[in-house]
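1. Mind looking at a prediction? Sequence and model below.
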Amino acid sequence: MNNPLQELNNIHASQTTKEKTLHFVLKHKHHHKNLYLIPVIACLLILLFIPFRPKPSVPVAYVSLDINPSLELRLDQDNIVLEAKAYNKDAKKILKTIQLQGQKLETAIINLLNDKQYKSYLQDGLLEISVFADNQNLSTNIETTLNDLLKKNLEDNQYHCRQVTQETHHNASSHHMTAGKYQIIETIMSYTSQYSLNELKEMTILQLYTILYTFNQEDVPTHCQPTHNQENHHQNHH
């Protein structure tokens with residue numbers, strides 16, 4: 001070996017530590033009685049110099065936001081956005097102009113609400129937010145945090161926030177939909193076969209609640225119930 005230290009170039013340790021370690025190994029390998037130490041030293045070297053890489057964070061909670069843009073924020077245990085996933089074209093447009101990954105949930109929501117493009121959707125629409133986490137306490141805390149935040153920034157009739165079950169979240173994902181929109185669609189389809197899943201999937205939250213209202217008003221949150229004008233708009237649309 002012309003330059004033994006070259007073998008350690010890729011090891012993350014100080015040059016002094018590398019030199020001392022290599023010197024120790026070379027010094028003892030010529031002593032027959034210490035040969036048994038070589039495998040032990042080799043293992044110690046591996047443990048000592050392998051760089052520490054923390055395990056990548058995995059989502060523990062999910063917050064979906066629907067108006068017509070449908071997107072989902074995937075959160076770690078500290079409510080940091082690990083990923084913002086778009087579920088339709090409108091959401092993709094939003095996420096091209098605004099960075100949400102790496103932000104605290106509250107910051108991400110405020111940035112969305114202040115985004116000019118997102119505001120245009122919300123102006124004549126309704127924001128449906130769903131929360132899911134395996135940990136019930138975490139899910140409840142997130143829902144409370146969001147309701148407090150939305151109450152300060154929107155009118156009551158502009159949003160609705162609720163928790164969803166693991167089954168709803170799973171089924172929504174399997175249909176490539178947000179949990180909030182999926183739950184409304186699932187309820188509509190329990191009353192009628194007039195609409196296909198794909199047809200309902202393309203509608204806004206306001207349109208979905210307007211349809212649901214015609215079947216059972218009690219299934220529509222009080223402040224999300226359509227006005228007479230909204231009903232006329234829906235009828236004209238069809």
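-> Looks like it arrived, so ask away.

2. Surely residue 162 is in a strand?
-> Yes. Judged by DSSP: H, G, I helix; E, B strand; the rest coil, residue 162 forms part of a strand.

3. Determine the number of other residues adjacent to residue 111.
-> Residues near residue 111, counting by other CB atoms under 10 Å, number 14. C-betas here are computed from N, CA, C, even on glycine.

4. pretty sure it is in a helix, no?
-> Yes. Counting by three-state DSSP, residue 111 is part of a helix.

5. Now that we're looking at it, what pLDDT does it have?
-> Residue 111 carries a pLDDT value of 96.

6. thought it was touching residue 101?
-> No. Shown here, residue 111 and residue 101 do not form a contact pair, counting by CB atoms under 8 Å, at 11.4 Å.

7. quick one: low-confidence ranges for this structure?
-> Within the chain, the segments meeting pLDDT under 70 span 1-56, 227-238.

8. which SS class is the spatially most central residue of it?
-> Centrality entry for the chain: nearest residue to the mean C-alpha point is residue 74, 1.3 Å, by CA atoms, centre = their mean. Assigned by three-state DSSP, the conformation of residue 74 is strand.

9. what about the nearest residue to it once chain neighbours are set aside, neighbour count?
-> Closest residue to residue 74 apart from its sequence neighbours, by CB to CB, 6 or more residues apart in numbering: residue 59 at 3.9 Å. Neighbourhood size, residue 59 [other CB under 10 Å]: 15.

10. can you check residue 58 too?
-> 9.

11. show me where this structure has strands.
-> Applying DSSP state E to the chain gives strands spanning 61-66, 70-75, 81-86, 127-133, 159-163.

12. Surely residue 188 and residue 215 touch.
-> Yes. If you go by CB under 8 Å, residue 188 and residue 215 touch, sitting 7.1 Å apart.

13. Settle it for me: which of those two has more neighbours?
-> Neighbour totals were compared for residue 188 and residue 215, and residue 188 leads with 22 against 14 (other CB under 10 Å).

14. any idea how far residue 138 is from the nearest residue to residue 211 once chain neighbours are set aside?
-> Distances taken as CB to CB, 6+ apart place residue 188 nearest to residue 211, at 5.6 Å, with adjacent residues excluded. Counting by CB to CB, to the nearest Å, the separation of residue 188 from residue 138 is 29 Å.
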